[in-house]
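In: Sequence first, then the predicted structure:
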Amino acid sequence: MAKLAYVIPTMLALFLVCNTMALEPSNSSNTEVPWYGLVIPSEPYDGFYIKVLSCLWIVDPSCGIKIYEHIFDKSKILDDNCCRNVVKLGLQCSKRLGLALSLFEKFKPQKALIDRMSRKTYHECNARKLLVGD
């Protein structure tokens, strides 16, 4: 069990790195992405990062940065594809990913905003009644 405590944050870091490379294939060390160089915080409870990873696998890598930008800049409208991703995530995963982001020291001051906008984004996308395929 102790080994698992190190494996999950490592898997999350790997996923973030892979998403970064997917977003910017020409520059895998892109310092422009918001999570570049951040230390992954401790889990708020056992198994949290396993749940976060299961949520992350649902999101199309090209939508990750768009969703992030929408959370912090309401003027950024999510396209239908990314909105489908949010709806497919569901409210629980949307809230869980918001919590995961707000655990990083850099984002702690915006915890309330992240929580509010994660929920609002889900509800706005769900209200569009877009068909969500598998």
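Out: Sure, I can see it.
In: where along the protein do the helices fall?
Out: Using DSSP state H, the helices found in the chain span residues 2-23, 48-56, 61-72, 80-103, 111-127.
In: Adding mean pLDDT, distance to Ile40 and mean neighbour count, write those out as TSV.
Out: For glycine as for every other residue, the C-beta is placed from the backbone atoms N, C-alpha and C. Converted to TSV, the helices of the chain look like this (pLDDT from 0 to 100; distance: least, CB to CB, whole Å; neighbours: other CB atoms under 10 Å):
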stretch	mean pLDDT	distance to Ile40	mean neighbour count
helix 2-23	45	5	14
helix 48-56	90	8	18
helix 61-72	86	16	19
helix 80-103	91	8	19
helix 111-127	92	16	17
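In: Just send these back as a markdown table, with distance to Ser42 too.
Out: Listed next are the helices of the chain as a markdown table, based on distance: least, CB to CB, whole Å:
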| stretch | distance to Ser42 |
| --- | --- |
| helix 2-23 | 8 |
| helix 48-56 | 9 |
| helix 61-72 | 22 |
| helix 80-103 | 8 |
| helix 111-127 | 16 |
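In: Between the ones you listed, which one is closest to Gly37.
Out: Among the helices of the chain, helix 2-23 comes nearest to Gly37, with 10.7 Å by CB to CB.
In: gap between the residue nearest to Arg128 when sequence neighbours are not counted and Lys95?
Out: Of all residues not flanking Arg128 in the chain, Cys83 sits nearest, at 5.8 Å (CB to CB, 6 or more residues apart in numbering). With distances taken as CB to CB, to the nearest Å, Cys83 is found 17 Å from Lys95.
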